[in-house]
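> Build me a model from this:
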Amino acid sequence: MYAIGVNPWVWASPVDDRVLADLIPKIAAFGFEAVELPIEQPGDWDPVRTRDLLAAHGLVAAGVCAVTPPGRDLVDAAPAVVESTVAYLRTCVDAAAAVGAGCVGGPVYAAVGRTWRMSPAARSACYADFRAALAPVAGYAGERGVSIGVEALNRYETSVVNTVEQTLDMIEGLPANVGLMLDTYHLNIEEADPCAAVTLAGPYIKHVQVSGTNRGAPGADHFDWPGFFAALRATGYRGAVCLESFTAENETIATAASIWRPLAPSQDRLAIDGLTYLRRVAR
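The predicted model follows:
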């Protein structure tokens, strides 16, 4: 059975040492087996301290989430912006290696919320620019045993890649440690057949995030979870499956993720209900 993990964003943002010290014991007590670790700003949490904290509670680091607010872009951006974004991604790789996470995942190509129209030629050029900018990061990550999971987002959050097919096109030619991070929230919006998209992603899957179709708990929604897990098993992916949701109590993250109302009676309830359902359906 897949290890079921959770992102501390369910409860708090930013995720720093203090937040992790409070949440990791609770996450373990709930019965999760893994934790996703976002890096909003380098230095928010200490990788060695976090590694030891996770180990003390029987948890593993499932992955490091790269966060791309305005000003973090590898495409259609000034050279200085690309350079600073590459430096940030290297920091994420270092943290992943230190904490024992095998993947850095996220929309590493452009800031969330940036959208612009592209002709076919412009899109091809955009993807070529992405490959050129990410290549040194991929090499750096590969030397440290870390993969890069590129995440497609829905059409309201990016115009760069919205589907698995587009993402596979964009990463073509990059080293084998570059693949996809799947997120069921975006799959549900953009893919005509989410299960077929999982099959297409196949051996390129590096990490998997899950949430309900309304960003709440899986199972309290209309997604075909049995079909999703059947397709995921058939790909051979055996990594963690991590619940990603957000709290409406933090203005910054609520605005970024468009969380305008509570998605459960409490954030603890969202996490527990999601874990209970995922455990059952993943079998």
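
> nearest spatial neighbour of residue 26, skipping sequence neighbours?
Nearest non-adjacent residue to residue 26, counting by Cβ to Cβ, 6 or more residues apart in numbering: residue 268, 7.8 Å away. Where you see a C-beta, it was placed from the backbone N, CA and C, and this is true even at glycine.

> tell me which residues in stretch 193-203 are buried?
194, 195, 197, 198, 200, 201, 202 (16 or more other Cβ atoms under 10 Å).

> Quick check: the residue sitting furthest away from the middle of the chain vs residue 73, distance?
Going by Cα atoms, centre = their mean, the residue of the chain most distant from its centre is residue 121, 28.5 Å out. From residue 121 across to residue 73, the span is 20 Å (Cβ to Cβ, to the nearest Å).

> returning to that earlier point: neighbouring contacts of the helix or strand containing the residue farthest from the centre of the chain?
Under the criterion of DSSP states H and E, residue 121 resides in helix 120-143. Contacts with helix 120-143, where a contact means Cβ atoms under 8 Å, 6 or more residues apart in numbering, come from 74-76, 82, 85-86, 89-90, 93, 96, 104, 108-109, 118, 147-148, 160, 169-175, 177-178.

> Recalculate using a threshold of 7 Å.
With contact meaning Cβ atoms under 7 Å, 6 or more residues apart in numbering, helix 120-143 is reached by 74-76, 82, 86, 89-90, 93, 104, 108-109, 118, 147-148, 160, 169-170, 173-175, 177-178.

> Which helix or strand lies directly C-terminal to that helix?
Following helix 120-143 in sequence order, the next helix or strand is strand 147-150 (DSSP H and E).

> Give the other helices and strands that that following strand contacts.
When contacts are defined as 3 or more Cβ pairs under 7 Å, 6 or more residues apart in numbering; DSSP states H and E, strand 147-150 packs onto strand 103-106, helix 120-143, helix 164-171, strand 178-183, strand 205-210.

> make it 10 Å
Applying 3 or more Cβ pairs under 10 Å, 6 or more residues apart in numbering; DSSP states H and E, one finds that strand 147-150 contacts strand 60-66, helix 79-99, strand 103-106, helix 120-143, helix 164-171, strand 178-183, strand 205-210.

> Packing partners of the third one?
Put plainly, it is strand 103-106. Helices and strands touching strand 103-106, by 3+ Cβ pairs under 10 Å, 6+ apart, are strand 34-39, strand 60-66, helix 79-99, helix 120-143, strand 147-150, strand 178-183, strand 205-210.

> Could you export the ones you listed as CSV, including mean pLDDT and distance to residue 273?
Listed next are the helices and strands packed on strand 103-106 as CSV, based on pLDDT from 0 to 100; distance: least, Cβ to Cβ, whole Å:
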stretch, mean pLDDT, distance to residue 273
strand 34-39, 98, 18
strand 60-66, 98, 20
helix 79-99, 98, 28
helix 120-143, 98, 35
strand 147-150, 98, 26
strand 178-183, 98, 19
strand 205-210, 98, 13
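
> Which of those sits closest to residue 224?
Residue 224 lies closest, by Cβ to Cβ, to one member of the helices and strands packed on strand 103-106: strand 205-210, at 12.4 Å.

> wait, doesn't residue 234 sit right on residue 201?
No. Counting by Cβ atoms under 10 Å, residue 234 stays clear of residue 201, with 11.3 Å between them.

> Where does the prediction get shaky in the protein?
For the chain, applying pLDDT under 70 flags no range at all.

> how about a cut-off of 90?
Scanning the chain with the threshold set as pLDDT under 90 gives 1, 247-263, 283.

> Where does residue 218 sit: helix, strand or coil?
State at residue 218, reduced to three classes by DSSP: H, G, I helix; E, B strand; the rest coil: coil.

> give me every residue that touches it.
Counting by Cβ atoms under 10 Å, 6 or more residues apart in numbering, residue 218 makes contact with 184, 210-212, 225, 228, 241, 243, 245, 270, 273-278, 281.

> Could you do residue 176 as well?
138, 142, 147, 203, 204.

> Would you list the buried entries among the contacts of helix 120-143?
Using 16+ other Cβ under 10 Å as the burial test, these include 74-76, 82, 86, 89-90, 93, 104, 108-109, 147-148, 160, 170, 174, 177-178 as buried.

> so residue 268 touches residue 245, yeah?
No. Using Cβ under 10 Å, residue 268 is not in contact with residue 245; the gap is 11.9 Å.
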